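Chemist: based on what follows, work out the 3D shape:
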Amino acid sequence: ARILDMKYFLLLPSLSYVGSSLDTGQWEQVLRSVAGARVYSWLNAGQIEARGIVEFVVLDDRFPRSLAFCRNALRETLAALARMHGADGQCNALMRDADTRISHLTVDQIFEAGLHEFLIDFLARNAAIAHAIAQDYRFHA
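Modeler: Residues are numbered from 1 along each chain as shown. As a prediction, the model looks like this:
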C-alpha cells in the first residue's frame with residue numbers, strides 16, 4: 001500500500017506526466033518492487049497501465065504480494081487464533097469490518113474515491129488491526 005501511495009504522490013511530479021514514458025516506467029518499477037512484473041506482463045499481454053497495475057497489486061488475490069492476498073492470509077490466521085483461544089477478539093471484529101468495506105470493490109471504485117484516500121484508509125485499518133492483535137494477544141513490551 002505504501003509503495004503504491006509513494007508512486008502516486010512522490011514519483012509523478014506533475015499531472016502532465018500521466019501516460020508518458022516516465023509514468024509507464026515508474027509503474028513498471030512498482031511492479032518490479034513487488035516482484036510482479038513478469039506475472040503482470042503475462043496476464044495483461046505486456047500492457048502497462050495504471051488501472052491494471054492497481055487492480056493487480058490491490059485486488060488480485062492470486063498474486064501473493066497483493067493487498068487482497070495478504071488480507072485473506074491475515075483473516076485466515078486470525079480465525080485460526082480465535083479457534084485456538086476459543087474466542088474472537090477485537091482484531092477479528094476489525095478484520096470483518098475491513099473485509100466488508102473492501103471485499104467487493106472494483107478498481108474503478110477505488111479510482112473514483114481516490115487511490116490515495118483508499119490507500120490511507122487501508123493503512124489506517126491495518127494499523128488498527130495490528131494494535132488490536134497486540135491488545136488481544138498481549139504482545140506488549
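Chemist: so how far is the helix ranked longest in the chain off the chain centroid?
Modeler: Ordering each helix of the chain by length in residues (DSSP state H) puts helix 115-136 first. Helix 115-136 has its C-alpha centroid displaced from the chain centroid by 11 Å (CA atoms, centre = their mean, to the nearest Å).
Chemist: touching it from outside, list them.
Modeler: Residues from elsewhere that reach helix 115-136 (CB atoms under 8 Å, 6 or more residues apart in numbering): 1-2, 4-5, 8-9, 54, 58, 67, 74, 78, 89-91, 93-95, 97-98, 101-102, 105, 110, 139-140. C-beta here means a position set from N, CA and C on the backbone, and glycine is covered the same way.
Chemist: so where is this protein shaky, pLDDT-wise?
Modeler: In the predicted model of the chain, residues 8-23, 141 satisfy pLDDT under 70.
Chemist: which residue is nearest the centroid of it?
Modeler: Nearest to the centroid of the C-alpha atoms of the chain, with distances taken as CA atoms, centre = their mean, sits Leu67, at 3.0 Å.
Chemist: residues contacting the nearest residue to that residue once chain neighbours are set aside?
Modeler: In this structure, Leu67 finds its nearest non-sequential neighbour in Val58, 4.9 Å apart by CB to CB, 6 or more residues apart in numbering. With contact set as CB under 8 Å, 6+ apart, Val58 has these partners: Leu4, Ser66, Leu67, Ala68, Val107, Ile110, Phe118.
Chemist: go again using 7 Å as the cut-off
Modeler: Under the criterion of CB atoms under 7 Å, 6 or more residues apart in numbering, the contact partners of Val58 comprise Ser66, Leu67, Ala68, Ile110.
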